[in-house]
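Asks: whatever this is, show me its structure:
(one chain, ligands or ions: 1)
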Amino acid sequence: MQGENSDQEFDELLLMLKETRGFDFTGYKRPTLMRRVQRRMDARGVGSLSEYCDYLELESDEFTQLFDSLLINVTGFFRDPLAWQALREQVLPELLSAKSARRSLRVWSAGCATGEEAYTLAMVLGETMGLGEFVSRVKIYATDLDDAALAEARTGIYSERQVAEVSEELRQKYFEASGTKYAFRRDLRRQVIFGRNDLTRDAPISRVDLLVARNTLMYFNAETQSNIIRKFHFALSNPGFLFLGKAEMLLNHVDQFEPVDLRKRIFRKIGKPAPAEPPRMVTATGPGDDDPSWTGLEAAALAAGPIAQLVIDRRGRLIAANLRAEALFNLRPRDVGRPFQDLEVSYRPTELRSIIEEVTKGQRSVELTDVIWHSAPGAEPRVFDVNVVPLYSHADQPVGVGISFLDVTRYRQLRDELERSNHDLEQAYEELQSLNEELETTNEELQSTNEELETTNEELQSTNEELETMNEELQSTNDELQMINDVLRLRGEELDTTRAFAASTLRSLGSAVVVVDTDLRVNVWVPGAEDFWGLRSEEAVGRLFGELDIGLPVAEVVPLLERTLAGQPTRTEAVVEAMNRRGRHVTMVLDLLLLQDHDGVRQGVIVVMNEAGAQK
Ligand SMILES: C[S@@+](CC[C@H](N)C(=O)[O-])C[C@H]1O[C@@H](n2cnc3c(N)ncnc32)[C@H](O)[C@@H]1O
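Replies: Numbers count the residues shown, from 1 in each chain. I've put the predicted structure just below:
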């Protein structure tokens, strides 16, 4: 069960539970809820949330199972025995000594599940106060959201396994046999009052001395926890004690509660000291000065109080209103004693008659918040928190109700301003966040560009290095070439010198000397040959000797050349008739010599041609 879709589907499931069954689980910790729903889905072999919603619509029985699973009812007698011991030793003595022996002790077990916690409280108090005191003074209000659990709690019957944590002695004292089971004693059972109360929505039980809310808060998210703890603070008397489960803390409420024993999760309400007398609201327009219990100072102080207050007696008559109330609601002294329902204030700024009835019947306070009042047309609207509380006599008998109107206009304005500022802040924060994200993206882009640049740089560097190496190689090749060149130049010069020497030698011979290679191509054609045959060196060199068009009978000479080249013999003399370049018949003496290198490899043939009879 993950992802945006599932989240949306889960919201839809919660909405369906709220709309069709009136259970609002939005204030609960989401992961726990998701795990519990998943368990149900697994049990039913359902694969998706939407399928499960369909299943719930078809099988109403599954609702019960799902609630059972969501409202985890795990509980037990004396759960965390050491914490109960701390309660008995550190809280009850202080609480009992702070209360006059006549006053009743009000205890609230919030989230009592199947009742074990409430009955544990009964046993602990019974042991501390004695059973007589317990019966006459103690009221344990045990509430839960789960009707089925409450029904079980009301029976007060538990199995052997369930009472395992109750000592034999206490079992004997507080339980009666009920078949094979144990039933909490009927006469004591009356002190425990079970009722349904949704901690997230309903008003708290009021004037509580000890509030036990163990292992219940932890299922709510932080915001809901805060709201509930605020209600707990309101519900508690002064002194008032709060007893939580071992996994629960009050980190954000240090201004409301102080620890008595932090490790055992026992806290004391921080609040103004409680008045010695039960609350009595009176005033300017109130009982006469002849009432002996009423001193002028008290009346003056209450009359001048900044909060508008009214007191209604059990018969529904207004019996007191302070100055602020008089001014606000235009009350006159003659209004005191009149039926409250006849006064405009009973329905304006808000309908109070039904609320008073509810408070009188249930003996529970009701708080109305954000009541808006337009005192006159065009006047600035004022906002009130209206509190209707039951009032009790010394003997703890209900005597009427008190109504206070707390003007929270300024507070609401501030709250609205705060909300606006928060909204602006959130927007600014979101913008900042998106800017931040953009910045991060840009940064990442820059980083990757930088990395690319670095890579390119490295590539360039390595290319550069390669080029440098190549350059050096080239330079060394160049040096070598230069050297070779120098050598070649030297050789060339030597060759030129040798050639010049050879040419001048050949020229000095005065003969027509010709050298042919092994293919019988002319290699050397000396100036003497030019003179004889009228063919210039550049015309003769490179051509086959047999193809030369000169006055010499080359066809006759070629076989001689071939023989000499074959070394048969290596020197031959021959006489041939020829015609020189001037057209004169001449007899030529040819001397053919095999040309060999140092190793005796044949290189060609040297032909020395002279006119017969001419001086060499
Ligand atoms: C784990 S039990 C704790 C029982 C007992 N306090 C203990 O510590 O042994 C939690 C109880 O909280 C109840 N619960 C859950 N949500 C609630 C609500 N919104 N209002 C009142 N009780 C609620 C559940 O029904 C369940 O019985």
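
Asks: spell out the residue ranges of the helices in the stretch 251-400 of the chain.
Replies: Along the stretch 251-400 of the chain, the segments classed as helices by DSSP state H, counting those that start in this stretch run 296-303, 323-329, 353-362.

Asks: just the stretch 501-616 of the chain next, same as before
Replies: Under the criterion DSSP H, counting those that start in this stretch, helices of the stretch 501-616 of the chain are mapped to 527-533, 537-540, 554-566.

Asks: for residue 595, give me its contacts.
Replies: Shown in contact with residue 595 (CB atoms under 8 Å, 6 or more residues apart in numbering): 515, 602-606. Glycine gets a C-beta too; all of them are placed from N, C-alpha and C.

Asks: separate out the buried members of those residues.
Replies: Listed as buried from the contacts of residue 595 are 515, 602, 604-606; burial here means 16 or more other CB atoms under 10 Å.

Asks: so which of the residues you listed also contact the ligand?
Replies: Among these, not one lies near the ligand by CB under 6 Å from any ligand atom.

Asks: now, which of the residues you listed lie within strands?
Replies: Using DSSP state E, 515, 602, 604-606 are the members of the buried ones among the contacts of residue 595 that sit in strands.

Asks: could those residues go into CSV alongside pLDDT?
Replies: Shown next, in CSV, are those (pLDDT from 0 to 100):
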residue, pLDDT
515, 92
602, 94
604, 95
605, 96
606, 93
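
Asks: how near is residue 326 to the ligand?
Replies: To the ligand, residue 326 is 40 Å away according to CB to the nearest ligand atom, to the nearest Å.

Asks: can you tell me how far that residue is from residue 320?
Replies: Noted for residue 326: a distance of 10 Å to residue 320, by CB to CB, to the nearest Å.

Asks: returning to that earlier point: mind checking which of the helices of the stretch 251-400 of the chain is nearest residue 416?
Replies: Closest approach to residue 416 among the helices of the stretch 251-400 of the chain is made by helix 323-329 (22.3 Å; CB to CB).

Asks: average pLDDT for that closest one?
Replies: The predicted model gives helix 323-329 an average pLDDT of 86.

Asks: can you list the helices and strands that it packs against?
Replies: Helix 323-329 is packed against strand 308-313, with contacts defined by 3 or more CB pairs under 8 Å, 6 or more residues apart in numbering; DSSP states H and E.

Asks: contacts for the strand it packs on, please.
Replies: Residues from elsewhere that reach strand 308-313 (CB under 8 Å, 6+ apart): 281-283, 286, 302, 318-322, 324-325, 328-329, 340, 345, 356, 391, 399-405, 407.

Asks: cool, stretch 61-81 as well?
Replies: In contact with stretch 61-81 (CB under 8 Å, 6+ apart) are residues 17, 21, 23, 25, 28, 33, 36-37, 39-40, 43-44, 55-56, 84, 112-114, 116-117, 119-120, 144-146, 148-149, 158, 162-163, 165-166, 214-215, 219, 245-246, 264.

Asks: contacting residues for the residue of the stretch 301-450 of the chain found nearest the ligand?
Replies: Nearest residue of the stretch 301-450 of the chain to the ligand, counting by CB to the nearest ligand atom: residue 364, 15.3 Å away. Residues counted as contacts of residue 364 (CB under 8 Å, 6+ apart) are 203, 205-206, 358, 390.

Asks: buried ones in stretch 245-257?
Replies: Using 16+ other CB under 10 Å as the burial criterion, the residues of stretch 245-257 that qualify are 245, 248-250, 253, 256-257.

Asks: could you do stretch 190-199 as well?
Replies: Neighbour-count burial for stretch 190-199, with 16+ other CB under 10 Å as criterion, is recorded at 191-192, 194, 197, 199.

Asks: which one of these sits closest to the ligand?
Replies: Using CB to the nearest ligand atom, residue 199 is the member of the buried residues of stretch 190-199 that lies nearest the ligand, at 3.7 Å.

Asks: surely that closest one and residue 211 touch.
Replies: No - if you go by CB atoms under 8 Å, residue 199 and residue 211 don't touch, sitting 11.2 Å apart.

Asks: which residues are in contact with each of the two?
Replies: Each of residue 110 lies in contact with both residue 199 and residue 211 under the rule CB under 8 Å, 6+ apart.

Asks: quick one: pLDDT of residue 274?
Replies: Listed pLDDT for residue 274 reads 43.

Asks: just residue 473 next, same as before
Replies: pLDDT recorded at residue 473 is 66.

Asks: which residue is the nearest non-sequential neighbour of residue 534?
Replies: residue 581 (3.1 Å; CB to CB, 6 or more residues apart in numbering).

Asks: ok, now how distant is the one you found from residue 404?
Replies: For residue 581, the distance to residue 404 (CB to CB) stands at 153 Å.

Asks: for those two, indicate the residue with more neighbours.
Replies: Taking neighbours as other CB atoms under 10 Å, residue 581 and residue 404 compare with residue 404 leading, 21 against 13.

Asks: by mean pLDDT, show me the worst of the helices of the stretch 501-616 of the chain.
Replies: Here those differ in mean pLDDT, and the lowest is helix 527-533 at a mean of 88.

Asks: for that one, which positions count as buried?
Replies: Neighbour-count burial for helix 527-533, counted by 16+ other CB under 10 Å, picks out 528-530, 532-533.

Asks: before we move on, back to that, and the pLDDT at the residue of the stretch 301-450 of the chain closest to the ligand?
Replies: Listed pLDDT for residue 364 reads 83.

Asks: dump the residue contacts of the closest residue in space to residue 190 that isn't next to it in sequence.
Replies: In this structure, residue 190 finds its nearest non-sequential neighbour in residue 135, 7.9 Å apart by CB to CB, 6+ apart. Residue 135 is in contact with 187-188, 190-191, counting by CB under 8 Å, 6+ apart.

Asks: from those residues, which is closest to the ligand?
Replies: Nearest to the ligand among these, with distances taken as CB to the nearest ligand atom, is residue 191, at 18.2 Å.

Asks: gap between that closest one and residue 156?
Replies: 12 Å.

Asks: narrow the buried residues of stretch 190-199 to those in strands?
Replies: Using DSSP E, the members of the buried residues of stretch 190-199 that fall in strands are 192, 194.

Asks: okay if I get the buried residues of stretch 190-199 as a markdown table plus distance to the ligand and pLDDT?
Replies: Below are the buried residues of stretch 190-199 laid out as a markdown table (distance: CB to the nearest ligand atom, whole Å; pLDDT from 0 to 100):
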| residue | distance to the ligand | pLDDT |
| --- | --- | --- |
| 191 | 18 | 93 |
| 192 | 14 | 95 |
| 194 | 12 | 94 |
| 197 | 6 | 93 |
| 199 | 4 | 95 |
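
Asks: near the ligand, from the buried residues of stretch 245-257?
Replies: With the criterion set as CB under 6 Å from any ligand atom, the members of the buried residues of stretch 245-257 near the ligand are residue 245.

Asks: torsion angles phi and psi at residue 141?
Replies: phi -90, psi 120 (degrees, to the nearest 10).

Asks: touching, it and residue 193? I think so.
Replies: Yes - assessed by CB under 8 Å, residue 141 is found in contact with residue 193 at 5.3 Å.

Asks: now do stretch 492-506: distance to the chain's middle.
Replies: 95 Å (CA atoms, centre = their mean, to the nearest Å).

Asks: ugh, wrong one, stretch 22-36
Replies: Worked out by CA atoms, centre = their mean, stretch 22-36 lies 21 Å from the chain centre.

Asks: could you do stretch 49-61 as well?
Replies: Relative to its chain's centre, stretch 49-61 lies at 32 Å (CA atoms, centre = their mean).
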